[in-house]
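J.: Got a predicted structure here, sequence first:
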Amino acid sequence: MTDNAVNIGLIGFGTIGSGVVETFNMNLPLIEEKVKRKVNLKKVADLDIVTDRGVEINPDILTTDVKDILDDPDISIVIELIGGYQPALKFILEAMEKGKHVVTANKALLAKHWEEITDCARRNQVRISFEASVGGGIPLLKPLNESLAANNIQSVYGIINGTANYILTKMAEEHRDFEEVLKEAQEKGYAEQDPTFDIEGHDTAQKLIILTILGFGVYVEQERFHVEGITRITLEDIEFAKNELGCCIKLLAISTIANGKLEVRVHPTLIPEEHLLSSVNGVFNGVYIIGDVVGPVMMYGQGAGMMATASAVVGDCIDLIEGMDRIVNYGPEKTKVTNIKDIEEVETKYYLRLTVIDKPGVLHEISGILSDLDISLESVSQKKREKGQEVPIFMVTHEASEKNMLKAIERIEKLDSVKDETVFIRLL
C-alpha cells in the first residue's frame, strides 16, 4: 500500500451523507486493501454540523464552509449529496474546474443539466460518477455503460421509484385503497409529506433520462416525453388486472427502439405475472434490459435508503481511485435528437375501465366508436348488473395506436350513458 493518500471531501451530511461516513467507518480497511492506497475522508461540509447523525465522526473534519473542500488542493474527490439544483450545480462545476473528480447521487441535477456537467468534465479531464442516482444500491449504471457495451440496447424497462411501487404493492397484497396506503407510506417514511414528485412519475422520469443516455446515447429532456403517475389507479383496477388478466400494475419507465424511433415514456403499465418485473415489490427497484447480443438482463435490489445508496456512492469513490486517468464515455457531446416517438404514435394493447349507466345499447355504442377508429376488442367484462345504475365495464383491446385510443375516449366520454372519466392503462 502506497503512502500517497487519496483525500475525499463530502458536501452534505444528511441521511445519505451519514451513510457514507458510516460506510467508511465500517469498511475503510477493506476499501484501502482494494485500492492499495490510504483513503482519507478529509472534510465533511454541511450547514448543520451540530445535530447528532448517529455515526462516529471526528469533529475536526466538520465544516460549515464548502470552500474548505473546494479550495483544498489535496482533496481530489468531491462527493455531492445536498440534492436539488442550486447550489449543488455550482459546487459540482467549481470542483471540476479545480481538477477534482465528483461523485453524486443527484438524479434531478443530472437530468436537467447533463450537457453542462459532462462538458465541464470533458473540458477539465475529470470524471463524474453517479451510480447512486438511479436504483440506489443496485449495480446498474456501470454495467449498462460498460459491461453491456458490446450490445445495441433494444429496450430498458424500469420500476425505479420505491414510493409508487410500495403503494401499488400494498394495494394489491392487502386489498386497500390508494389514499389509505399513501398515508401509511408517509407515516413509515416511504413517501414525502408532499408525495407529488414520486406518485406523479417525475422522479421516475428523471431517472429514465439517465438510463436513456447510457442505454441509447441520447439526451431527452423530460418535457419531450409522456409522464403519467399512479393517482388514477384504483383497487378495482388492480384486482381486475390480477384476477381476470393475470397481470400486476406497476409504474414503469420505458425506453425502447421501435421502427427506428426511440420511445421514451413513464406511466402505469399492466405487466404479465410471468414477467420478471412483476416480482419487483414493495420499495425494491428492478430494471430489465434487452441487448441484441446478451438478450434480457434483470437487475434488482434496494432502490433507496441510507446504506444502500451509500454503498453505491462509496463504490464510485473506489472506482475513481482505481482509475482516475481512465476516460469515461458520457455519450456524444451534443446528444439531443429529433427521432423521438410521440406518445400518440405508440401502439400497444389497452385496458379500459368505463363507468356507465346500465341500460340496453350502451356497450354497442362504445364498441361502435372503438371499431370506427380501428380498435378491436380482446375481451369485455361487466361484473355488476344494476339496471339504471352506474356500473363499471372493463375492456381489453388488441394492439391499437394511442392517437386513435385518445380520439375514441374523447367520443366515448361525450355519451350520455358514460358518467365518469375513462381510465386506460397500457399493457407491456
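T.: That came through, no problem. Numbering: from 1, shown residues only.
J.: How about residues contacting stretch 109-117?
T.: 83-85, 88-89, 92-93, 104, 128, 130, 133, 205-207, 209-210, 213, 219, 222, 333-335 (Cβ atoms under 8 Å, 6 or more residues apart in numbering). Every C-beta, even on glycine, is put in place using the N, C-alpha and C of the backbone.
J.: filter the residues you listed to the buried ones?
T.: Listed as buried from those are 88-89, 92-93, 104, 128, 130, 133, 205-207, 209-210, 213, 219, 222, 335; burial here means 16 or more other Cβ atoms under 10 Å.
J.: Show me these that map onto strands.
T.: 104, 128 (DSSP state E).
J.: contacting residues around Ile11?
T.: Applying Cβ under 8 Å, 6+ apart, we find Ile11 in contact with 45-46, 66, 69, 78-82, 91.
J.: again with Cys248
T.: 168, 172, 238, 241-242, 270-271, 273, 278.
J.: List the ones among the buried ones among the contacts of stretch 109-117 that fall in helices.
T.: 88-89, 92-93, 205-207, 209-210, 213 (DSSP state H).
J.: Point to the helix or strand of this protein where mean pLDDT is at its lowest.
T.: strand 2-11 (a mean of 88; mean pLDDT, DSSP states H and E).
J.: Do a quick rundown of the strands in the stretch 251-400 of the chain.
T.: Secondary structure of the stretch 251-400 of the chain by DSSP state E, counting those that start in this stretch: the strands cover 261-272, 284-291, 295-302, 347-348, 350-357, 377-381, 390-397, 400-401.
J.: of all those strands, which lies closest to Val314?
T.: strand 295-302 (15.0 Å; Cβ to Cβ).
J.: In terms of pLDDT, where does the closest residue to Arg265 other than its chain neighbours sit?
T.: Spatial nearest neighbour of Arg265, excluding adjacent residues (Cβ to Cβ, 6 or more residues apart in numbering): His226 at 4.5 Å. According to the prediction, His226 has pLDDT 97.
J.: where are the low-confidence patches of the chain?
T.: 1-3, 327-338, 384-386, 388 (pLDDT under 70).
J.: report the longest helix in it, please.
T.: When the chain is parsed with DSSP H, its longest helix is helix 15-35.
J.: and stretch 186-198, which residues are buried?
T.: For stretch 186-198, by 16+ other Cβ under 10 Å, it's 190-191, 195, 197-198.
J.: ok, the closest residue to Ile321 other than its chain neighbours - how many residues close by?
T.: Leaving aside its chain neighbours, Ile321 sits nearest to Val35 (4.5 Å; criterion: Cβ to Cβ, 6+ apart). If you count neighbours by other Cβ atoms under 10 Å, Val35 ends up with 17.
J.: And for Glu180?
T.: 14.
J.: what do you get for Lys112?
T.: When neighbours are defined as other Cβ under 10 Å, Lys112 has 17 of them.
J.: Please identify the helix or strand for it.
T.: Element membership for Lys112 (DSSP states H and E) is helix 107-124.
J.: what's the distance between Leu251 and Ile128?
T.: Applying Cβ to Cβ, to the nearest Å, the value for Leu251 to Ile128 is 28 Å.
J.: picking up where we left off before, farthest pair in the buried residues of stretch 186-198?
T.: The most widely separated members of the buried residues of stretch 186-198 are Tyr190 and Phe197, with 13.4 Å between them, by Cβ to Cβ.
J.: what pairs with Ser129 across the strands?
T.: Beta-bridge partners for Ser129, by DSSP bridges, are Val103.
J.: when you give positions from now on, start the count at 24
T.: In the new numbering, first residue 24, that becomes Ser152.
J.: So it is in contact with Met119, correct?
T.: No - Ser152 is not in contact with Met119 according to Cβ atoms under 8 Å; the separation is 11.9 Å.
J.: Need the overlap of contacts for those two.
T.: Val125.
J.: Buried residues of stretch 426-434, list them for me.
T.: For stretch 426-434, using 16+ other Cβ under 10 Å, the buried residues are 427-428, 430-432, 434.
J.: Ignore what I typed, I meant stretch 165-184.
T.: Within stretch 165-184, judged by 16+ other Cβ under 10 Å, the buried ones are 165-168, 171, 174, 176-184.
J.: and which of those residues is nearest to Thr38?
T.: Looking across the buried residues of stretch 165-184 and measuring by Cβ to Cβ, the closest to Thr38 is Asn184, at 17.3 Å.
J.: Can you name the residues that contact the residue nearest to that closest one when sequence neighbours are not counted?
T.: Distances taken as Cβ to Cβ, 6+ apart put Thr227 closest to Asn184, at 4.7 Å, once the chain neighbours are dropped. By Cβ under 8 Å, 6+ apart, Thr227 lies in contact with 181, 183-184, 187, 250, 274, 276, 289.
J.: Same list, the residues you listed, but as JSON lines with distance to Gly77 please.
T.: Shown next, in JSON lines, are the contacts of Thr227 (distance: Cβ to Cβ, whole Å):
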{"residue": "Gly181", "distance to Gly77": "32"}
{"residue": "Ile183", "distance to Gly77": "28"}
{"residue": "Asn184", "distance to Gly77": "26"}
{"residue": "Ala187", "distance to Gly77": "28"}
{"residue": "Val250", "distance to Gly77": "36"}
{"residue": "Leu274", "distance to Gly77": "32"}
{"residue": "Ala276", "distance to Gly77": "33"}
{"residue": "Val289", "distance to Gly77": "35"}
